[in-house]
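Undergrad: Just to be clear, the model below is a prediction. Sequence and coordinates:
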Amino acid sequence: MFVIRLYNTFGRKIEDFNVENNTVRMYVCGPTVYDYVHIGHGRTFVAFDAISRYLKLRGFNVIRVQNITDIDDKIINKSKETGKSWEEIVDDYSRDYIDNLNALKVKIDLHPRVSNHINEIIDFIQKLIDKGNAYIAPSGSVYFDVDTYSKYGELSNTKKEEWNQGEEFIKEKRHAYDFALWKSKKPGEPFWKSPWGEGRPGWHIECSTMSTRYLGESFDIHGGGMDLIFPHHENERAQSESYTGKLWVRYWMHVAFLTIKKTKMSKSLGNIIPLKDAIRSYGPSVLRYWFLSSHYRSQVDFNEDSLEQSKASLNRLKDAMSIIRNILSEGPKSYSTDEDIKIQKNIVSEIEKFHESMSDDFDTANALSHIHNIASIIFSKLENTRDFMGASIAFDAFRQFNEVFGVMDEEFSLAYDRLSKIIDSIVEIRNELRAKKMYDLSDEIRSILENNGIKILDSKEKSTWRFQ
Ligand SMILES: Nc1ncnc2c1ncn2[C@@H]1O[C@H](COP(=O)(O)OP(=O)(O)OP(=O)(O)O)[C@@H](O)[C@H]1O
Ligand SMILES: [Zn+2]
């Protein structure tokens, strides 16, 4: 099987992927919960989902942690604007986030929240102070002294002149590029007690503390959108490596933006399409398909036509699956022709290319094109030759594809066989009604099935069906 290679933002080059003990520890920065999660978030979360599903398909254990930022200036501002408490805001939007992850079938093993880890964050900051990497300012805020970490700027490939953190309290910092670990309390803001007075954690420290707590002092993949490379991930790295003195993250992976009218989709810019609305309009499978139809490192602009196209392409794969099912229901034959053997080899070669693409920096776009090549073989050849062995190979190819893409789960569910037998019988009865020209009744059966997500595919001889 192909060696998995991926683009490491650190060093900006493609590298072989290696982990210890076959277990991949992955941390992805989750949302700040002060508004609805949008399809830009969806893209990043589904991209890492496909990566972890592929790693599982290749036999790795994958542990995924994705945090919820539930303390932040933006949450406090939203609370001031709306008159709601910050807890209420955080509750509402965390629920929206989790519901949408579930709807999109993105599996996360732990969703740590900042507000549950204040003690751990305080201990982390104290250790940085003790080691001389952080200092307490007169206000009671604590800052990271960037000059104490000589590797600063390596991850983002930036120079000192570019390090302005745009932080408040500029006067009390040793350098403009130092960043806050702990922010002293301001009137009307949520706060916690600490050795340096009342206050709250800065943004970057939460990810260093929670990822290290749950994944260890060194872990494998750290990811997020490209906006996070600087300053967020640069700062996280400085904190964590100063804390442990060890290499913190082996592979840094960043997803390109989902844009709308060529501008990054972002809560703070107010140009979002909430995930819940997109899921309602297109369904989770079409959305996932659309996200994964481009490589995670290329920017994608939102466009309704391309979503419609994804829907049609996904239906093409479902049509192909329905033909496979039909051929399989006819049972094995006792002889394969030379043509059958040639087709079988072509399908095997396409599924190999699927793996080759996925192993090449998780190129889902290319991988998808090979699944469509299998669909073309099914339409142009297998549908006529009706070779059982070819259909079995194609079935397994689609199963592997679905394990990574998660867009045809109905077709592979445990209940499928039982359900499909029932639908087969209904469609058979409808075929008999059509043969007897009882069209009113057959149309009614069609509409009942279609209202329940089952599409009838009529042909001259015999109708078949597939899930919509
Ligand atoms: N348009 C986008 N495309 C791809 N990934 C995104 C996009 N917006 C956010 N992300 C990613 O989603 C995760 C959560 O992001 P965050 O809550 O900071 O979102 P945001 O909408 O950019 O918010 P804000 O405008 O408040 O910064 C991060 O990993 C971030 O990089
Ligand atoms: Zn983070």
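TA: All right, it came through fine. Fair warning: this is a prediction, and the values are worked out from it, not measured in the lab. Ligands and ions are numbered 1, 2, ... in the order given.

Undergrad: make it CA atoms for all contacts and neighbour counts henceforth
TA: OK.

Undergrad: Heading C-terminal from the longest helix along the chain, find the next helix or strand.
TA: In the chain, assigned by DSSP state H, the helix with the most residues is helix 304-329. As assigned by DSSP states H and E, the chain's next helix or strand after helix 304-329 is helix 338-359.

Undergrad: what is the rounded mean pLDDT of that next one?
TA: Across helix 338-359, the average pLDDT comes to 98.

Undergrad: Could you tell me which ranges of the stretch 101-250 of the chain sit under the pLDDT cut-off?
TA: Scanning the stretch 101-250 of the chain for pLDDT under 70 picks out 167-169.

Undergrad: if we can go back for a sec, just the buried residues of the longest helix of the chain, please?
TA: 307, 310-311, 313-328 (16 or more other C-alpha atoms under 10 Å).

Undergrad: And stretch 131-139, by the same measure?
TA: By 16+ other C-alpha under 10 Å, the buried positions in stretch 131-139 come out as 133-137.

Undergrad: Distance across it, terminal residue to terminal residue?
TA: Distance across stretch 131-139, first residue to last, is 21 Å (C-alpha to C-alpha, to the nearest Å).

Undergrad: Which residues does that stretch contact?
TA: 125, 128-129, 142-146, 148-149, 172-173, 184, 196, 242-243 (C-alpha atoms under 8 Å, 6 or more residues apart in numbering).

Undergrad: Among these, name the ones in helices.
TA: Under the assignment DSSP H, the contacts of stretch 131-139 contribute 125, 128-129, 242-243 to helices.

Undergrad: got the end-to-end distance for stretch 295-313?
TA: Start to finish, the residues bounding stretch 295-313 are 17 Å apart (C-alpha to C-alpha).

Undergrad: pLDDT of that stretch, averaged?
TA: Rounded mean pLDDT across stretch 295-313 is 97.

Undergrad: quick one: is that stretch near ligand 1?
TA: No. Judged by C-alpha under 6 Å from any ligand atom, stretch 295-313 stays clear of ligand 1, getting no closer than 8.2 Å.

Undergrad: For that stretch, what is the distance to the chain centroid?
TA: Mean-position distance between stretch 295-313 and its chain equals 15 Å (C-alpha atoms, centre = their mean, to the nearest Å).

Undergrad: circling back to that earlier point, helices or strands next to the longest helix of the chain in the packing?
TA: Secondary-structure packing of helix 304-329 (3 or more C-alpha pairs under 8 Å, 6 or more residues apart in numbering; DSSP states H and E): helix 284-292, helix 364-377, helix 388-405, strand 464-467.

Undergrad: Need the ones you listed in TSV (columns: mean neighbour count and distance to ligand 2).
TA: Formatted as TSV, the helices and strands packed on helix 304-329 follow (neighbours: other C-alpha atoms under 10 Å; distance: least, C-alpha to the ion, whole Å):
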stretch	mean neighbour count	distance to ligand 2
helix 284-292	23	22
helix 364-377	20	25
helix 388-405	20	25
strand 464-467	20	39
